[in-house]
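Undergrad: Compute the structure for the input listed below.
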Amino acid sequence: MPLANFPQAVVCFELQVYHRPSDEKQLRDTHIAFSGAPQKHPTNPKKILLVVDPYSDNTFYYEFNTQDISYVEELANLVTMDGEVIPMARLWIKKKSIAIRSTPFVVESTRP
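TA: You can find the predicted model right below:
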């Protein structure tokens with residue numbers, strides 16, 4: 001008899017451990033914080049995606065090089081009514097780094 005509630009494999013996304021900076025004021029002066037749900041880049045292991053509001057209809061995401069991340073803070077997880085959990089994080093990115101902000105949209109006619 002098969003078990004109905006048997007645990008299934010879950011894709012785990014591990015962030016590299018970053019040490020808390022000794023001087024937080026210097027971190028704020030040299031870095032910018034971005035918050036969202038971190039995701040693996042689909043094709044480039046040296047990049048990370050950060051989805052700003054994963055459950056919104058108007059969401060967007062950032063794409064950062066992993067070498068530009070100096071510190072990561074874990075934030076409270078988001079949980080849906082169905083029990084799906086999405087981990088959230090705050091990434092501290094070096095100022096002057098090149099990143100991409102992408103906003104997906106549906107192409108529709110602009111005429112009324």
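
Undergrad: Can you check the distance spanned by stretch 79-89, start to finish?
TA: 14 Å (C-alpha to C-alpha, to the nearest Å).

Undergrad: How far off centre is that stretch?
TA: Mean-position distance between stretch 79-89 and its chain equals 13 Å (C-alpha atoms, centre = their mean, to the nearest Å).

Undergrad: What residues sit buried inside that stretch?
TA: Neighbour counts over stretch 79-89 (16 or more other C-beta atoms under 10 Å) mark 88-89 as buried. C-betas here are computed from N, CA, C, even on glycine.

Undergrad: swap in stretch 40-53?
TA: Within stretch 40-53, the residues that qualify as buried are 47-52, counting by 16+ other C-beta under 10 Å.

Undergrad: which of those residues lies closest to W92?
TA: Among the buried residues of stretch 40-53, L50 lies closest to W92 (C-beta to C-beta), at 11.8 Å.

Undergrad: beta partners for the residue most central in space within the chain?
TA: Closest residue to the average C-alpha location of the chain: P38 at 2.2 Å, with C-alpha atoms, centre = their mean. With DSSP bridges as the criterion, P38 is bridged to L50.

Undergrad: Now do it against D82, distance only.
TA: P38 sits 21 Å away from D82 when distances are taken as C-beta to C-beta, to the nearest Å.
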